[in-house]
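[1] model the following, please.
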Amino acid sequence: MKFTVIRSRFLDLLSNVQSVVPGKPSLQIVANALIEAREDGILALTATDLDVTVCANLAADVKVDEPGRTTLPVRRLVELLRTAPEGEIQFDIDADNVARVITPAAKYRLIGLDAQAFPTIKEPDETAHCFTIDRAVFREMLRKTAYAAGKDETRRVLTGVLLQFADGKLTMVATDGRRLALVEQELDFPPESACDLLLPAKARGELARLLNGEGPMRIYGQKGQIVFDCGTFRLYSKLIDGVFAKYQAVIPTACDERVSVNREELIASIQRVDIMSNEKANSVRLSFAEGALSLSSSNAEIGDASDVLPIKYAGRPISAAYNPDFLLDCLRNLDADEVTFELTEGHAPSVIKCNGIPFLYVIMPMRLATV
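    Residues are numbered from 1 along each chain as shown. Alright, predicted model coming up:
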């Protein structure tokens with residue numbers, strides 16, 4: 001197996017798969033990337049942690065002299081290329097999977113493992129449902145929801161993001177039980193393709209990193225597996241096995257008051273009063289009154305803080321305390337100039353929406369201290 005590749009292009013290709021490789025792999029072969037030099041001049045790399053697999057291709061700046069397959073240690077290969085000057089890198093791999101690597105500045109001998117030992121990739125079969133969506137749209141949907149997913153592995157279902165394909169749209173939902181983020185996108189697919197897919201955290205992180213630019217992306221979903229195909233790369237992931245919460249039941253269907261607030265001004269105000277909160281008293285009180293939104297926080301060990309934002313509001317006064325991190329997670333991942341709060345008296349959940357965007361965020365108020 002022999003091929004020559006431009007250093008920077010190969011390093012970019014490796015960066016697409018490197019983060020999948022586990023720090024302490026249970027199998028030695030998983031620390032390696034599968035490298036395929038094909039007869040058509042394409043160089044393909046595959047890395048996996050047995051749950052998530054990424055395959056990336058490079059067709060430009062590659063010359064394949066002898067096609068073949070091998071595996072080489074990913075992190076060592078990345079270090080080698082990072083220290084090499086720009087230029088052509090020559091790889092010559094023998095029958096024992098020993099690679100002789102020639103860079104413009106140094107020569108290396110890198111010991112690999114047989115490609116036959118690399119885990120088999122399960123391709124989508126005839127039972128898979130196929131959906132097409134612009135990758136920039138999907139990336140934005142993830143940005144607007146994924147932060148609300150749970151992190152408690154004992155409630156594994158809640159660590160996933162639900163991809164619900166039904167009624168001519170993709171509904172993406174994440175919740176940790178204390179808040180819920182939901183966004184929708186119209187999508188064209190046959191009714192018989194309706195399904196629910198629970199995307200795990202590592203796959204979401206890899207997608208957020210890999211999904212650059214615009215262009216069509218195909219999603220293949222079937223029992224136990226999901227595949228994202230962008231042409232230059234493919235991501236394969238196991239799905240979370242379980243039934244997602246009946247999220248519709250926690251979305252309020254009515255509210256007492258609605259009020260719009262400038263998003264960036266609200267972010268800045270929350271940050272100002274949040275200075276006085278800590279782990280023991282991690283709350284910010286929002287008090288809506290005629291013409292003004294008052295924000296405050298109080299901590300017996302540190303002190304207190306207050307701030308006021310002018311708003312267009314003529315309803316009755318309503319106060320609620322929220323986890324400031326939960327508010328900021330939502331507000332920072334939106335782009336709208338204004339957000340709308342839908343409020344209800346008592347300790348009922350509040351809803352944040354954006355005009356013209358099929359998005360909502362349900363957040364449970366924290367219990368207010370009795371004055």
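
[2] the helix or strand hosting R9: which residues count as buried?
    For R9, the host element (DSSP states H and E) is helix 7-18. For helix 7-18, burial by neighbour count (16 or more other CB atoms under 10 Å) applies to R7, R9, F10, L11, L13, L14, N16, V17, Q18. In this view, the C-beta of every residue, glycine as well, is placed from N, C-alpha and C.

[3] pick the one among these closest to A289.
    Of all the buried residues of helix 7-18, A289 sits closest to N16, with 51.9 Å by CB to CB.

[4] look at R75 and give its secondary structure.
    helix (DSSP: H, G, I helix; E, B strand; the rest coil).

[5] wait, it sits on V30?
    No. Using CB atoms under 8 Å, R75 is not in contact with V30; the gap is 11.9 Å.

[6] between these two, which contacts overlap?
    V21 (CB atoms under 8 Å, 6 or more residues apart in numbering).

[7] more neighbours: which of the two?
    Here R75 and V30 are compared on neighbour count by other CB atoms under 10 Å; more neighbours surround V30, at 20 against 14.

[8] how about the strands in the stretch 201-350 of the chain?
    Taking DSSP state E, counting those that start in this stretch, the strands of the stretch 201-350 of the chain run over residues 216-222, 225-229, 233-238, 257-262, 284-289, 292-299, 303-310, 318-322, 338-343, 350-354.

[9] which of these sits closest to L113?
    Using CB to CB, these put strand 233-238 closest to L113, at 20.6 Å.

[10] how far off centre is the closest one?
    13 Å (CA atoms, centre = their mean, to the nearest Å).

[11] show me what that strand is packed against.
    For strand 233-238, the elements it packs on are strand 52-58, helix 201-210, strand 225-229, judged by 3 or more CB pairs under 8 Å, 6 or more residues apart in numbering; DSSP states H and E.

[12] what's stretch 63-78 in contact with?
    Taking CB under 8 Å, 6+ apart as the rule, stretch 63-78 contacts 1-5, 11, 14-15, 17-18, 21, 29, 31-39, 41-43, 47, 93, 97, 99, 110, 112-115, 117-118.

[13] please, a ChimeraX command that selects the buried ones among these?
    Buried residues among these (16+ other CB under 10 Å), as a ChimeraX selection:
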select :1,2,3,4,5,11,14,17,18,21,29,31,32,33,34,35,36,37,38,43,47,93,97,99,110,112,113,115,118
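
[14] just the contacts of stretch 63-78: which are in helices?
    In helices, defined here by DSSP state H, the members of the contacts of stretch 63-78 are L11, L14, S15, V17, Q18.

[15] what sits against I357?
    Each residue near I357 by CB under 8 Å, 6+ apart is listed here: V183, L334, A336.

[16] the last one: neighbour count?
    Read it as A336. 16.

[17] coming back round to it: columns mean pLDDT on top of the strands of the stretch 201-350 of the chain, output as TSV?
    As requested, the strands of the stretch 201-350 of the chain are exported to TSV (pLDDT from 0 to 100):
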stretch	mean pLDDT
strand 216-222	96
strand 225-229	97
strand 233-238	96
strand 257-262	95
strand 284-289	95
strand 292-299	93
strand 303-310	95
strand 318-322	93
strand 338-343	96
strand 350-354	96
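
[18] out of the ones you listed, nearest to T103?
    strand 233-238 (25.2 Å).

[19] direction included, what does the closest one pair up with?
    Paired with strand 233-238 in the same sheet, following DSSP bridges, are strand 52-58 (antiparallel), strand 225-229 (antiparallel).

[20] most neighbours per residue, which of the ones you listed?
    Neighbour counts (mean count of other CB atoms under 10 Å) averaged over each of those peak at strand 52-58, with a mean of 22.

[21] show me how far it is from its chain's centre.
    Centre to centre, stretch against its chain (CA atoms, centre = their mean), the figure for strand 52-58 is 17 Å.

[22] got the angle between it and helix 201-210?
    Angle, strand 52-58 to helix 201-210, by axes from the mean of the first three to the mean of the last three CA atoms, to 10 degrees: 20 degrees.

[23] can I get the CA coordinates of stretch 338-357 in CSV?
    Extracted C-alpha coordinates of stretch 338-357, given in CSV (Å, rounded to 0.1, in the frame of the first residue of the first chain):
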residue,chain,number,x,y,z
GLU,A,338,-36.7,39.6,21.3
VAL,A,339,-38.0,36.6,23.3
THR,A,340,-41.5,36.3,24.7
PHE,A,341,-42.2,34.9,28.2
GLU,A,342,-45.6,33.2,28.7
LEU,A,343,-46.2,33.3,32.4
THR,A,344,-48.6,31.7,34.9
GLU,A,345,-49.2,32.4,38.5
GLY,A,346,-47.9,30.0,41.2
HIS,A,347,-45.2,27.5,40.5
ALA,A,348,-46.4,26.4,37.1
PRO,A,349,-43.8,26.2,34.3
SER,A,350,-43.0,29.3,32.2
VAL,A,351,-42.5,29.2,28.4
ILE,A,352,-40.0,31.2,26.3
LYS,A,353,-40.8,31.6,22.6
CYS,A,354,-39.5,33.6,19.6
ASN,A,355,-41.8,35.2,17.1
GLY,A,356,-41.7,33.5,13.8
ILE,A,357,-39.5,30.6,14.9
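
[24] run the chain-centre distance for it.
    25 Å.

[25] got it, and stretch 248-258?
    27 Å.
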